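A.B. asks: Sequence and predicted model, in that order:
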Amino acid sequence: KCVRCQIEQYSKDLIKEIYSPFVPNIIDAVYAVAHALDIFNRNFSYDGTKDRANLQIASSFNVQKLLGRVSFDGLTGKITFDRFGDKGSAVQLQKNVESMKMVLIGEWKNSKRNKTRLIFHEALNWTSTSGRPPKSECSEQCPPGKRKSFTSPGCWQCLPCLGGTISPSAGSESCSECPIGTMSNQAKTDCVI
């Protein structure tokens, strides 16, 4: 009876078989652009002569503006965009419980009021020796007197502050200049006369 439902179910089953965490997001992105182009196509304007040469061009800028009017149920959930064409944030946290089976354990949602919420649907049993979650950063915090120099997202190396600059606390992303007439101490943690 519902051919579209069967196609959608087949698509979801196929995605599960050739599972990649990115495939559902890519499919949703393609559908989002298709919906924006459909809105553009339904609302394009000709001048009085119906000359196709004067048809508005569907530039990436126009499509991005139209994304604010797109709303649909995608493979990753409800797909909406703000007035700037940015996707409303909602991230699902999943874990493998069996081979190729993912179970939803939580979600990170961004509401229209710009309040983000992290919601866990079940308690997590971490397999680490401490029973705590693994580190989400690949580098230790930089000690006072050093600053982070990012090498990749979430990763950095610690570089010493240059002369005349300080980093008084651990985890600094930058060093602050000492006021005129002062200089940094040997440890680069305080300005001295």
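C.D. replies: Received it, and whenever you're ready, just let me know what you need.
A.B. asks: shouldn't residue 69 be in contact with residue 38?
C.D. replies: No. Between residue 69 and residue 38 there is no contact under C-beta atoms under 8 Å: 10.3 Å. Heads up, the C-betas are built off the backbone N, CA and C, glycines and all.
A.B. asks: So for these two, which residue has more residues nearby?
C.D. replies: Set side by side, residue 69 and residue 38 show more neighbours around residue 69, with 15 against 12, by other C-beta atoms under 10 Å.
A.B. asks: And the more buried one, its phi and psi?
C.D. replies: Backbone dihedrals for residue 69, given as degrees, to the nearest 10, come out at phi -100, psi 0.
A.B. asks: residues contacting it?
C.D. replies: By C-beta atoms under 8 Å, 6 or more residues apart in numbering, the residues touching residue 69 are 36, 39.
A.B. asks: Check residue 142 too.
C.D. replies: Contact partners of residue 142, counting by C-beta under 8 Å, 6+ apart, are 148, 156, 158, 167, 170-172.
A.B. asks: Mark which of those are buried, thanks.
C.D. replies: Of all the contacts of residue 142 considered here, the ones buried according to neighbour count by 16 or more other C-beta atoms under 10 Å are 148, 156, 158, 167, 172.
A.B. asks: pLDDT-wise, what's the bottom of the residues you listed?
C.D. replies: Checked by pLDDT, the buried ones among the contacts of residue 142 have residue 156 as the lowest-scoring entry (81).
A.B. asks: any idea which element the nearest residue to residue 39 once chain neighbours are set aside lies in?
C.D. replies: If the residues on either side of it in the chain are set aside, residue 39 comes closest to residue 66, at 5.0 Å by C-beta to C-beta, 6 or more residues apart in numbering. Using DSSP states H and E, residue 66 maps to helix 60-66.
A.B. asks: can I have that helix written out in PDB, keeping just the CAs?
C.D. replies: Listed next in PDB are the C-alpha coordinates belonging to helix 60-66 (Å, rounded to 0.1, in the frame of the first residue of the first chain):
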ATOM      1  CA  SER A  60      25.000  28.500  -2.900                       C
ATOM      2  CA  PHE A  61      24.100  31.700  -1.100                       C
ATOM      3  CA  ASN A  62      20.500  31.500  -2.200                       C
ATOM      4  CA  VAL A  63      20.300  27.800  -1.300                       C
ATOM      5  CA  GLN A  64      21.800  28.500   2.200                       C
ATOM      6  CA  LYS A  65      19.200  31.200   2.800                       C
ATOM      7  CA  LEU A  66      16.400  28.800   1.800                       C
END
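A.B. asks: Show me what whichever helix or strand comes after it is packed up against.
C.D. replies: Downstream of helix 60-66, the next assigned helix or strand under DSSP H and E is strand 71-74. On a contact count with 3 or more C-beta pairs under 8 Å, 6 or more residues apart in numbering; DSSP states H and E, strand 71-74 meets helix 23-43, strand 77-80.
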